[in-house]
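A.B. asks: sequence and computational prediction follow.
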Amino acid sequence: MWMMQVTLEKKINLTQDVYELHYKLPEPKIMLPGQFVTFILTGIWGRSYSILEIIDDIAILIIKKWEQSDWGRGWSIALCDASVWDEFKVVWPSWHFVLQDNSDNKLFLWTGTGLVPLYNQILEWLKKDSREKYQLVFWVRHMNDMFYTDKFEALKLQYPDRFFYHLLTSRDEENGIIGKWYVTDFLSESVVDKYSEYYICWAPAMIEWCQKRLTELWVLEEKVYFEKYS
Ligand SMILES: Cc1cc2nc3c(=O)[nH]c(=O)nc-3n(C[C@H](O)[C@H](O)[C@H](O)COP(=O)(O)OP(=O)(O)OC[C@H]3O[C@@H](n4cnc5c(N)ncnc54)[C@H](O)[C@@H]3O)c2cc1C
């Protein structure tokens, strides 16, 4: 584990409050898929963010900018509002969240930036000459909170027998009714039975709902892998 100074090099708005942030590292680094970095923002231990990808000396993260609460620290605001050329201290790499090395069909349950740790791992596995299937269930409040859907569509076209995705919104209005499609609504016996491993990533409450639903559907605890953004 080491500490280094990184420089914000590029900032892309993926939605109104989700940013793809490119940080320049002092030198090229090898990254293991699913690792995360921890930003030291006030001289004490700070907030952690999963690494989407490292290309030579550029680390790419995706961060959601949360609104400031009375008790919150607002670090995601500091990171998302930073200007290009701003410098930050980070500690890395830390624990990594990885796909199991086997040919089991895998189901992914993600909300927003919960896609970050495993997205590039899925791309790497798809490139291999294997047959397992990957299904993403991507859940946000409103359709305009979705991102990377063009990439999901391109993957579906490239790997029509192996890659599938399903988008759910919990607050959009459809035919005059506010949709209430939570990720757990998608989890029926017929869906769950097609997969042998389940990967969940987002806030603790969402992970607990999914675990509960999967247990009701007789999924074994050891087949459920998760990363909590807390
Ligand atoms: C291993 C790990 C990897 C992570 N990777 C990422 C990542 O890739 N991208 C990313 O955007 N975040 C990621 N996070 C979450 C991140 O570390 C912070 O928790 C998040 O940015 C909020 O920090 P803040 O200081 O802005 O929140 P605060 O100012 O403390 O909170 C602001 C408000 O937002 C709410 N809030 C904050 N976080 C959440 C949440 N997760 N779910 C629901 N409500 C919340 C709070 O209730 C509060 O009202 C990761 C966390 C961990 C532990």
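C.D. replies: Perfect, I can see it now.
A.B. asks: run a quick neighbour tally on whatever residue of the chain ends up closest to the ligand.
C.D. replies: Nearest residue of the chain to the ligand, counting by CB to the nearest ligand atom: Gly72, 2.5 Å away. For glycine as for every other residue, the C-beta is placed from the backbone atoms N, C-alpha and C. The number of residues packed near Gly72 is 11, by other CB atoms under 10 Å.
A.B. asks: what's the distance between it and Leu14?
C.D. replies: Distance of Gly72 to Leu14, computed by CB to CB, to the nearest Å: 22 Å.
A.B. asks: only the buried residues of stretch 206-218, if you could.
C.D. replies: Buried residues in stretch 206-218, counted by 16 or more other CB atoms under 10 Å: 206-207, 209-211, 213-214.
A.B. asks: past the helix-or-strand element of the chain with minimal mean pLDDT, which element shows up next along the chain?
C.D. replies: Every helix and strand of the chain was ranked by mean pLDDT, DSSP states H and E. The lowest is strand 177-178, at a mean of 59. Counting by DSSP states H and E, the element after strand 177-178 in chain order, helix or strand, is helix 183-186.
A.B. asks: restrict that next one to CA atoms and write it as PDB.
C.D. replies: Backbone C-alpha positions of helix 183-186 (Å, rounded to 0.1, in the frame of the first residue of the first chain) are rendered in PDB as follows:
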ATOM      1  CA  VAL A 183     -33.900  -4.000  -8.100                       C
ATOM      2  CA  THR A 184     -35.500  -6.600  -5.900                       C
ATOM      3  CA  ASP A 185     -38.700  -6.600  -8.000                       C
ATOM      4  CA  PHE A 186     -36.600  -8.000 -10.800                       C
END
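A.B. asks: can that helix be said to contact the ligand?
C.D. replies: No - Helix 183-186 does not reach the ligand (CB under 6 Å from any ligand atom); its nearest approach is 13.8 Å.
A.B. asks: what's that helix packed up against?
C.D. replies: Applying 3 or more CB pairs under 8 Å, 6 or more residues apart in numbering; DSSP states H and E, one finds that helix 183-186 contacts strand 134-140, strand 163-169, helix 204-216.
A.B. asks: make CSV from those and add distance to Leu155 and mean pLDDT to it.
C.D. replies: Converted to CSV, those look like this (distance: least, CB to CB, whole Å; pLDDT from 0 to 100):
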stretch, distance to Leu155, mean pLDDT
strand 134-140, 9, 94
strand 163-169, 5, 93
helix 204-216, 23, 95
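A.B. asks: as JSON lines, these with distance to the ligand would be great.
C.D. replies: Putting the helices and strands packed on helix 183-186 into JSON lines (distance: least, CB to the nearest ligand atom, whole Å) gives the following:
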{"stretch": "strand 134-140", "distance to the ligand": "12"}
{"stretch": "strand 163-169", "distance to the ligand": "17"}
{"stretch": "helix 204-216", "distance to the ligand": "8"}
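A.B. asks: re the thing from before, residues contacting the closest residue to the residue of the chain closest to the ligand other than its chain neighbours?
C.D. replies: Spatial nearest neighbour of Gly72, chain neighbours left out: Trp66 (6.9 Å); criterion: CB to CB, 6 or more residues apart in numbering. Going by CB atoms under 8 Å, 6 or more residues apart in numbering, Trp66 touches 17, 72, 74, 76-77.
A.B. asks: quick check: residues of this protein near the ligand?
C.D. replies: So the chain meets the ligand at 36, 47-50, 61-64, 66-67, 69, 72-77, 113, 116, 203, 227, 229-230 (CB under 6 Å from any ligand atom).
A.B. asks: could you list the residues in contact with stretch 194-213?
C.D. replies: With CB under 8 Å, 6+ apart, stretch 194-213 has contacts from 97, 99-100, 102, 104-112, 114-118, 133, 135, 182-184, 187, 192, 214, 219, 221, 223-230.
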